[in-house]
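Enquirer: here is my input, please return the structure:
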Amino acid sequence: MSVSIHATEKALLKVFSNDFAFSIPAYQRPYAWTKDQASELLTDLLSFLGDGSEAVTDANPYFLGSIVLIKSEDAPKADVVDGQQRLTTLTILLSVLRNLFSEKNASKLTKYIYQEGDEFEGTSDCYRLKLRERDEEFFRDYVQCENGLDKLLKLDTFQLSDSQKNIKANASYFLDQLGKLSEQQRSRFSHYLMTCCFLVVVSTPDLDSAYRIFSILNARGLDLTLSDFLKSEVIGKIDQSQQDKYTRIWETEEEDLGREKFQELFAHIRMIDRKAKPRKTALKEFREDILPKIEPQKFIDEVLKPYSDALEIINTANYQSDKDADKINCLLRWLNQIDNFDWVAPAILYFSKNRQTPSKLIQFFTDIERLAAGLLILRADINDRIGRYAKLLTAIEENADLYALESPLQLTPQEINRIIKTLDGDVYLIKRIRQYVLLRLDSALSEGEASYDYSVITVEHVLPQNPSAGSKWLQWFPDDEERLQHVHRIGNLALLSRNKNAEAQNYDFDKKKEKYFVSKKGICPFVLTTQVLQQSEWTPAVIEQRQEDCLESLRKIWRL
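Expert: Next up is the predicted model:
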């Protein structure tokens, strides 16, 4: 079924008119614009208007951006999907202007804040903007009502919520700045604001379409997210007596995870449930395929909260237990260095089921790090990874033996052979895997005691890629073909905790050790690099032995 979408540029006098009755849905976040945003808006508006030497109609128009609404064509009711910050701030601005004007001009601005009903038109008295329920009464009494601003400025800020503090602060700022203008200047500014300032109003009657439009218009990830829509969808279906309780649980989990990771959580929940790549918008999948299968309270109690708690521990590697916590957290830190997060969904599911059993966790995370690292080394694409982890999710749900040879958690003999072949080849040329493999190897060689919290870590050749003519390197490697067989393999690689120095890379071996492979304090933080420093020469035989030793260590790490 096709959905009609309308996008029209409108001056503010047409936005704050009987054509629209704006309402902020419950899933929206609180009003969050601070004085910084309010100041930027007013400064821009005054700058575009100019100093008064030209007519308002000749001033540069000002574009306020777009708003996205859920609205039918034949009714003014409009739920604001995107744009509540601007609409709220503009309403505060209009209220401040009304407060500063003499009675005659003040009454002219009221019509943009308040719609007076008309029995012949079938309209009723209402405010043009209705904030979400928690702030609706406050905004009406202290901003939209005439003389409300005088009461607002007398309120004790410490007794207000964050959104109410922002409303008060921005109203106070507008009053201070606009109060410096003459009545004539304020009149000119009001004329400009209502006739030369424009919004693009995008409207659709369908929530899913509105969400897609919002996602496209806000690719930078601004105010609203999938989780906000779902919050309204889920909590709105809970008995009203329980809504505050579950709202607190939801918002606490979001605060603990952080907004970005909380949004990511829903991608993992979707994967755990659907076990496949998305085939619809995420909102549609949740509304049609996931949420109908579970009561809203159970979704929060049995899915959202335990999965959120699991994700927080997985992300921070902060598992706490009397037994094996350090080992589990070490594995989590390695997993978090994998260049994708497809492994996270099965990790969440397994952790939430076995949180109180460290022995199970250490066995599982040992093997899922092995699997994730193996898929990384094999450069498995997203389809292969999703397919593999989907099978693993099913196995976890069915309580299958995850450590049987045929389990999706285990690498197959064919995969193991391919991994060994890759590790025994030109690892340096595979940029995606080389640092992970070498750091994992270095950690094993240091018996897990190495720390890798350096701002820069680089992979360096010992034997240079292009040795200088007449150098010792060419005496050790006179044959170009033989040199190329060794140069990019693990046996010839080391780690540095600083950026590369192009000039130093071609130093002869002794000078390179002295000047390049140690820090200015004479310290080398990597076991792999210390091994190099202990060598007196760097010949093909040395590289071959080191290659063999490193490969054997990697085979032990990942049971290859």
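Enquirer: in which helix or strand does the spatially most central residue of the chain reside?
Expert: Nearest to the geometric centre of the chain sits E260, at 3.4 Å (CA atoms, centre = their mean). Of the helices and strands defined by DSSP states H and E, E260 is found in helix 259-274.
Enquirer: how far does the following helix or strand past that helix sit from the chain's center?
Expert: Next along the chain after helix 259-274, taking DSSP H and E as the criterion, comes helix 282-285. Its chain's average C-alpha position is 18 Å from that of helix 282-285, according to CA atoms, centre = their mean, to the nearest Å.
Enquirer: list the contacts of the next helix or strand after helix 282-285.
Expert: Later in the chain than helix 282-285, the nearest helix or strand by DSSP H and E is helix 296-298. The contact list for helix 296-298, computed with CB atoms under 8 Å, 6 or more residues apart in numbering, reads 234-235, 237-238, 242, 246. For every residue, glycine as well, the C-beta is placed using N, CA and C.
Enquirer: which SSE is immediately downstream of helix 296-298?
Expert: Moving toward the C-terminus from helix 296-298, the next helix or strand (DSSP H and E) is helix 305-316.
Enquirer: tell me the buried residues in whichever helix or strand comes after that next one?
Expert: Once helix 305-316 ends, the next helix or strand along the chain (criterion: DSSP H and E) is helix 325-335. Neighbour-count burial for helix 325-335, with 16 or more other CB atoms under 10 Å as criterion, is recorded at 325, 327-332, 334-335.
Enquirer: adding pLDDT and distance to D125, write those residues out as a markdown table.
Expert: Below are these laid out as a markdown table (pLDDT from 0 to 100; distance: CB to CB, whole Å):
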| residue | pLDDT | distance to D125 |
| --- | --- | --- |
| A325 | 94 | 62 |
| K327 | 94 | 67 |
| I328 | 95 | 62 |
| N329 | 95 | 61 |
| C330 | 93 | 65 |
| L331 | 95 | 63 |
| L332 | 96 | 58 |
| W334 | 95 | 63 |
| L335 | 97 | 59 |
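Enquirer: of those residues, just say which sits nearest to D424.
Expert: Using CB to CB, W334 is the member of the buried residues of helix 325-335 that lies nearest D424, at 21.6 Å.
Enquirer: please work out the average pLDDT along stretch 174-193.
Expert: Stretch 174-193 shows a mean pLDDT of 92.
Enquirer: could you tell me the end-to-end distance of it?
Expert: From its first residue to its last, stretch 174-193 covers 14 Å (CA to CA, to the nearest Å).
Enquirer: please spell out which residues along that stretch are buried.
Expert: Residues of stretch 174-193 classed as buried by neighbour count (16+ other CB under 10 Å): 174-175, 178, 186-193.
Enquirer: for those, which one is nearest L445?
Expert: Using CB to CB, those come closest to L445 at F174, 63.9 Å.
Enquirer: how about the closest one, what does it touch?
Expert: Going by CB under 8 Å, 6+ apart, F174 touches 38, 42, 92-93, 96.
Enquirer: my read is that A373 contacts Y436, right?
Expert: Yes - under the criterion of CB atoms under 8 Å, A373 makes contact with Y436 at 7.0 Å.
Enquirer: give me the common contacts of these two.
Expert: By CB under 8 Å, 6+ apart, A373 and Y436 have these common neighbours: I338.
Enquirer: check which helix or strand S407 maps to.
Expert: Per DSSP H and E, there is no helix or strand for S407.
Enquirer: what of the one 3 residues further on?
Expert: Using DSSP H and E, Q410 falls within no helix or strand.
Enquirer: nearest to T458 among the buried residues of helix 325-335?
Expert: Using CB to CB, the buried residues of helix 325-335 come closest to T458 at W334, 19.2 Å.
Enquirer: so for stretch 80-99, what gets flagged as buried?
Expert: For stretch 80-99, a neighbour-count test (16+ other CB under 10 Å) marks 80-99 as buried.
Enquirer: from the residues you listed, which land in helices?
Expert: 84-99 (DSSP state H).
Enquirer: inside strands: which ones of the buried residues of stretch 174-193?
Expert: When DSSP state E defines the strands, the subset of the buried residues of stretch 174-193 inside them is empty.
Enquirer: turn those into TSV, including distance to K275.
Expert: Formatted as TSV, those follow (distance: CB to CB, whole Å):
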residue	distance to K275
F174	52
L175	56
L178	57
R186	61
S187	63
R188	62
F189	58
S190	58
H191	59
Y192	56
L193	53
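Enquirer: just flag the most distant two among those.
Expert: For these, and using CB to CB, no pair is farther apart than L175 and H191, which are 19.7 Å apart.
Enquirer: closest one of the buried residues of stretch 174-193 to Y114?
Expert: When these are compared against Y114 (criterion: CB to CB), the nearest one is S190, at 16.1 Å.
Enquirer: so what's the nearest residue to A372 once chain neighbours are set aside up against?
Expert: Leaving aside its chain neighbours, A372 sits nearest to W343 (4.5 Å; criterion: CB to CB, 6 or more residues apart in numbering). W343 is in contact with 335, 368, 371-372, 389, counting by CB under 8 Å, 6+ apart.
Enquirer: next structured bit after the helix or strand bottoming out on mean pLDDT in the chain?
Expert: When each helix and strand of the chain is scored by mean pLDDT, DSSP states H and E, helix 207-217 comes last, with a mean of 65. Once the chain leaves helix 207-217, the next helix or strand it forms, by DSSP H and E, is helix 226-235.
Enquirer: that following helix: what's the following helix or strand?
Expert: helix 240-257.
Enquirer: give me the neighbour count for the residue lying closest to I290 once chain neighbours are set aside.
Expert: Distances taken as CB to CB, 6+ apart place D273 nearest to I290, at 5.0 Å, with adjacent residues excluded. Neighbourhood size, D273 [other CB atoms under 10 Å]: 18.
Enquirer: check the one 3 residues further on too.
Expert: The tally of other residues near A276 (other CB under 10 Å) stands at 12.
Enquirer: hmm, it is touching Y389, no?
Expert: No - taking CB under 8 Å as the definition, A276 is not a contact partner of Y389, at 10.6 Å.
Enquirer: overlap of the contact sets of the two?
Expert: Common contact partners of A276 and Y389 (CB under 8 Å, 6+ apart): none.
Enquirer: pull the longest helix from this structure.
Expert: Longest among the helix segments of the chain by residue count, using DSSP H, is helix 358-377.
Enquirer: so for the helix or strand just after that one, what gets flagged as buried?
Expert: Counting by DSSP H and E, the element after helix 358-377 in chain order, helix or strand, is helix 382-397. Buried positions in helix 382-397, judged by neighbour count with 16+ other CB under 10 Å: 385-393, 395-396.
Enquirer: quick revisit: of all the contacts of helix 296-298, which two lie farthest apart?
Expert: V234 and Q242 (11.7 Å).
Enquirer: more neighbours: those two, which one.
Expert: Neighbours were counted for V234 and for Q242 using other CB under 10 Å; V234 has more, 23 against 12.
Enquirer: no further questions, thank you.
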